[in-house]
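**Q** I would like to see how this sequence folds:
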Amino acid sequence: PIKNRLVFGVGVYVPYGAPLKFDKNGPQALQLQQAFIVASHVTASAAVRLHDIISLGAGVSYVLGFAELAKLQDFGSVQEFGDGLNKLGQANDFGPNAPTDVRELDTLGRPIALKKAFSHGVTFNVGVTVNPTPKLSLALTYQHGTKMNYRGKFAIDMNDPFFTQDLAAQGLKFKPLVTGDASLRFNLPKRITLGASYDFNPKWRVDGFFQYVRYSEVDAFTVTTKSPDLAQPALGIRDTLTVKLPRQWKDTVWVEASARFRPTERLLLSATLGYQSSASPDKTVDTASPDGNRLIGGVGGGFNVSERVALYADARFQGILPRTVTSSDNDLGNGQYKLFLATIAGHLKVRF
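**A** This next block holds a predicted model:
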């Protein structure tokens with residue numbers, strides 16, 4: 001706090017993260033073998049109370065991202081590769097829409113890894129809080145999006161005779177291990193949230209929020225690799241190769257409501273219910289985005305040990321409703337999706 005009407009705050013948190021790991025040679029390898037992608041926010045904010053019932057706030061965030069991922073890249077789905085073979089007189093149906101029966105995946109599925117990729121960006125948020133009565137609070141916030149551009153190194157294992165020697169006389173010859181610079185690009189969506197809370201009496205309080213998220217801004221994950229070892233002049237392949245994983249996500253809504261009960265001055269109990277709509281359409285859903293309509297629940301409790309120290313415990317659960325997909329463009333995305341996540345945590349709160 002600065003005087004009576006102005007406050008400053010600093011926070012560090014991770015609003016987006018995707019840690020995943022699958023069997024290196026498992027059925028999902030062409031979608032994903034391993035991924036660790038995070039976007040963390042370091043935010044400085046300020047708020048001013050304009051009147052007894054209204055406050056305005058704003059914050060600026062430095063967005064630091066880190067990414068590593070590995071998968072088998074199906075070269076049969078790369079348009080530049082198919083076009084290059086056509087130039088050599090090797091007729092083929094390769095490209096993003098190639099039928100699966102034209103692929104020899106032991107040959108065309110090449111391991112690719114993106115390592116130690118960092119992204120730097122800036123975004124902002126603004127908000128307003130209104131207290132029409134001492135018991136009722138209303139809040140509206142807007143979180144701006146940002147473009148994530150992770151830059152790191154890549155390696156592709158091209159150690160197969162088809163790529164290293166079979167067509168060398170015609171101009172197709174890769175090194176057994178191709179390395180160079182790489183980037184991973186996608187957008188973080190905008191969010192707008194309306195929240196409200198009401199204190200019925202000193203023991204009972206209810207609160208909740210409605211959030212609209214512009215996930216439609218995430219149209220694809222784009223990986224670009226650049227290395228002189230990629231260039232194949234006879235095929236018209238340059239030293240830069242771009243591969244897109246289409247997402248075509250949809251905007252989502254998120255609704256949650258909580259009830260809090262204080263049976264004694266020291267004890268607090270809470271319960272939460274919520275719903276979150278799916279971002280992934282059937283057309284692009286796959287193991288890299290196992291999504292669906294989510295039901296959310298939670299319970300919690302707190303105990304004031306003293307005026308300065310409090311202990312809290314929370315359990316939060318969410319699961320997607322069983323979802324059967326038959327029209328995914330990604331072959332391994334067809335089937336039934338189920339997902340259940342649980343978070344159980346303890347917290348210590350100390351007032352200085």
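**Q** ok, now which residue in the protein is the farthest from the centroid?
**A** Distance from the C-alpha centroid of the chain peaks at residue 169, with 44.4 Å (CA atoms, centre = their mean).
**Q** how about low-confidence regions in the stretch 101-250 of the chain?
**A** Residues of the stretch 101-250 of the chain that meet the criterion pLDDT under 70 lie in 101-105.
**Q** Wasn't the residue farthest from the centre of the chain part of a helix?
**A** Yes - the assignment for residue 169 is a helix, going by DSSP: H, G, I helix; E, B strand; the rest coil.
**Q** Around the closest residue to residue 203 other than its chain neighbours, count how many other residues there are.
**A** For residue 203, ignoring the flanking residues on the chain, the nearest one in space by CB to CB, 6 or more residues apart in numbering is residue 262 at 5.0 Å. Glycine gets a C-beta too; all of them are placed from N, C-alpha and C. For residue 262, the neighbour count with other CB atoms under 10 Å is 17.
**Q** do the one 5 residues further on as well
**A** When counting by other CB under 10 Å, one arrives at 12 neighbours for residue 267.
**Q** what sits opposite it in the beta ladder?
**A** Legend: beta-bridge partners of residue 267 under DSSP bridges are residue 303.
**Q** ok now stretch 342-352, how far from the chain's centre?
**A** 25 Å (CA atoms, centre = their mean, to the nearest Å).
**Q** Show me the contact partners of the longest helix along the chain.
**A** Counting residues, the longest helix in the chain under DSSP state H turns out to be helix 79-87. Helix 79-87 has contacts (CB atoms under 8 Å, 6 or more residues apart in numbering) with 75-76, 92-96, 98, 172, 232, 234-237, 241.
**Q** Which of the residues in it are classified as buried?
**A** 80, 81, 82, 84, 85 (16 or more other CB atoms under 10 Å).
**Q** Considering those residues, which is situated nearest to residue 112?
**A** Among the buried residues of helix 79-87, residue 81 lies closest to residue 112 (CB to CB), at 13.2 Å.
**Q** got the phi/psi numbers for residue 76?
**A** phi -70, psi -20 (degrees, to the nearest 10).
**Q** Residue 94 is in contact with that one, correct?
**A** Yes - with contact defined as CB atoms under 8 Å, residue 76 reaches residue 94; the gap is 4.9 Å.
**Q** Contacts for stretch 290-299, please.
**A** Stretch 290-299 has contacts (CB under 8 Å, 6+ apart) with 256, 258, 269-280, 285, 314-323, 337, 339.
**Q** before we move on, back to that, gap between the residue nearest to residue 203 and residue 302?
**A** 9 Å (CB to CB, to the nearest Å).
**Q** Likewise for residue 159?
**A** Residue 159 is 58 Å from residue 302, by CB to CB.
**Q** The stretch 51-200 of the chain: helices as residue ranges?
**A** 79-87, 105-108, 161 (DSSP state H, counting those that start in this stretch).
**Q** now for the ones you listed, which one comes closest to residue 197?
**A** The nearest among these, by CB to CB, is helix 79-87 at 53.0 Å.
**Q** returning to that earlier point: have a look at residue 159 and residue 302 and say which one is more surrounded.
**A** residue 302 (18 against 14).
**Q** Report the contact partners of residue 217.
**A** Per CB under 8 Å, 6+ apart, neighbours of residue 217: 145, 187, 189, 190.
**Q** Do I have it right that the second one meets residue 144?
**A** Think residue 187. No - taking CB under 8 Å as the definition, residue 187 is not a contact partner of residue 144, at 11.1 Å.
**Q** out of those two, which sits in the more crowded spot?
**A** A side-by-side neighbour count of residue 187 and residue 144, using other CB under 10 Å, places residue 187 first with 17 against 14.
**Q** where's the closest residue to the more buried one other than its chain neighbours relative to residue 31, distance?
**A** Using CB to CB, 6+ apart and skipping the chain neighbours, the partner closest in space to residue 187 is residue 217 (4.6 Å). Separation of residue 217 from residue 31 (CB to CB): 22 Å.
**Q** same deal with residue 114?
**A** For residue 114, the distance to residue 31 - CB to CB - is 15 Å.
**Q** Also residue 318?
**A** In terms of CB to CB, residue 318 sits 23 Å off from residue 31.
**Q** pull the longest strand from the protein.
**A** strand 109-133 (DSSP state E).
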